[in-house]
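Trainee: Provide a 3D model corresponding to the input given below.
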Amino acid sequence: MERQSVIRQILIGGTCGLILASIYVLGGAEPEPVLSAHGIGRLIAGAIGGALVYVAFYRALPGKK
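Mentor: Coordinates of the predicted model:
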């Protein structure tokens, strides 16, 4: 497996986190709209969390040296 740059890891993880957070926000039973401060905060937190989890997971995988 070829190593990815840190920027690419952050972009992939952030995109996955944003998608999962948007599914959670849109599919939730909460009456809070997506474009409110709370909904946007959840989307941003999902993107940051996804990026952190992906980078940590990617670095834990054994790779080519």
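Trainee: buried sites along the helix or strand where Ile12 lies?
Mentor: If you go by DSSP states H and E, Ile12 is part of helix 6-27. Buried residues in helix 6-27, defined by neighbour count with 16 or more other CB atoms under 10 Å: Gln9, Ile10, Ile12, Gly13, Gly14, Cys16, Gly17, Leu18, Ala21, Ser22, Val25. (Each C-beta comes from the backbone N, C-alpha and C, glycine too.)
Trainee: cool, stretch 40-47 as well?
Mentor: For stretch 40-47, by 16+ other CB under 10 Å, it's Arg42, Leu43, Gly46, Ala47.
Trainee: Contacts only, for the first one.
Mentor: What that stands for is Arg42. Ala21, Tyr24, Val25 (CB atoms under 8 Å, 6 or more residues apart in numbering).
Trainee: picking that back up, among the buried residues of stretch 40-47, which lie within helices?
Mentor: Judged by DSSP state H, the buried residues of stretch 40-47 include Arg42, Leu43, Gly46, Ala47 as members of helices.
Trainee: Excluding chain neighbours, what is closest to Cys4?
Mentor: Careful, residue 4 is Gln and not Cys. Tyr58 (6.8 Å; CB to CB, 6 or more residues apart in numbering).
Trainee: Could you check how many residues crowd around the one you found?
Mentor: 17 (other CB atoms under 10 Å).
Trainee: shouldn't it be in contact with Ser5?
Mentor: No - between Tyr58 and Ser5 there is no contact under CB atoms under 8 Å: 10.9 Å.
Trainee: Outside of stretch 51-65 itself, list whatever touches it.
Mentor: With CB under 8 Å, 6+ apart, stretch 51-65 has contacts from 1-4, 6, 9-14, 16-17.
Trainee: and that stretch, how far from the chain's centre?
Mentor: Remark: stretch 51-65 is offset 14 Å from the chain centroid, using CA atoms, centre = their mean, to the nearest Å.
Trainee: Use 339 as the first number for this chain going forward.
Mentor: In the new numbering, first residue 339, that becomes stretch 389-403.
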